[in-house]
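Engineer: this is the structure alone, sequence omitted:
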């Protein structure tokens, strides 16, 4: 009935059953949304670090500080370099990591929070903090963040991407582990994502025609999932299970939990016609 991470979409959420069920329990025909008023002010800023580990530590310290940013996005050195090659907007190629942070609220609240964020980032090793001076400048920063996925193909023609989540306090450990695996395997790895949620997009760029490299990459993905679970995380924060992660759900869910979910599936869909073959691999297509 829940996970210890800010996000988690592996299997059925037994509290909010239809949400995230990937079309396997029903077809949604109507949704009611609650709208929130726009904030009075929004401030967008970046913090540049020599080491990605320092950026990860800053994320933890920001969340512990009591400030609630509307988002904290992060990019590692490979992601920064790819985006700069793609857009040529002056991102620091030699940086180990970059945070893109936004806060909103009343003008006094935003000004106070922005100063606190700068202080925290500098304490954790940021050698540059910079606030967007206009809405257009903020838009350019977000353009860089959103360009990461297409820009990655400068590093390889094929991509394996996963969206694991760990508790925010464990992000530094995960980043250290990824660095070690990058060095030991020689694979081209890029990480970025929604650090404020502990949601890390892990990418391996490769040429799938190289069978040996593909085999190594797939073995690395399995190790990533095991490490994520060991850190109290989940193997899918946003993308669900579908087909590609179905073989791995038993890493995270017990046989008892999976059996309950299958029984729920049978109640909603006794004929097996709703998005068959998804989530549970042995359900026939």
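Structural biologist: Done, it's in. Because the structure is predicted, anything quoted here is derived from the model rather than measured.
Engineer: run the chain-centre distance for stretch 115-129.
Structural biologist: 23 Å (CA atoms, centre = their mean, to the nearest Å).
Engineer: residue 234 bridge partners, please.
Structural biologist: Beta-bridge partners recorded for residue 234 (DSSP bridges): residue 165.
Engineer: in the stretch 151-285 of the chain, which spans are strands?
Structural biologist: For the stretch 151-285 of the chain, applying DSSP state E, counting those that start in this stretch gives strands covering 158-165, 188-194, 199-206.
Engineer: tell me which other helices or strands the first one touches.
Structural biologist: Going back to what we said before, that points to strand 158-165. On a contact count with 3 or more CB pairs under 8 Å, 6 or more residues apart in numbering; DSSP states H and E, strand 158-165 meets strand 199-206, helix 211-230. In short, each C-beta sits where N, CA and C put it, glycine included.
Engineer: tell me the most buried of those?
Structural biologist: Ranked by mean neighbour count, the helices and strands packed on strand 158-165 are led by strand 199-206 with a mean of 23 (mean count of other CB atoms under 10 Å).
Engineer: for that strand, name the packing helices and strands.
Structural biologist: Identification of packing neighbours for strand 199-206 by 3+ CB pairs under 8 Å, 6+ apart yields strand 158-165, helix 171-185, strand 188-194, helix 211-230.
Engineer: and it with strand 158-165, angle?
Structural biologist: 160 degrees (axes from the mean of the first three to the mean of the last three CA atoms, to 10 degrees).
Engineer: i'd like the first residue to be 26 from this point on
Structural biologist: With 26 as the first residue, the last one maps to strand 224-231.
Engineer: which residue ranges of this structure form helices?
Structural biologist: For the chain, the helices defined by DSSP state H cover 77-89, 102-112, 132-148, 160-171, 173-176, 196-210, 236-255, 274-277, 280-293.
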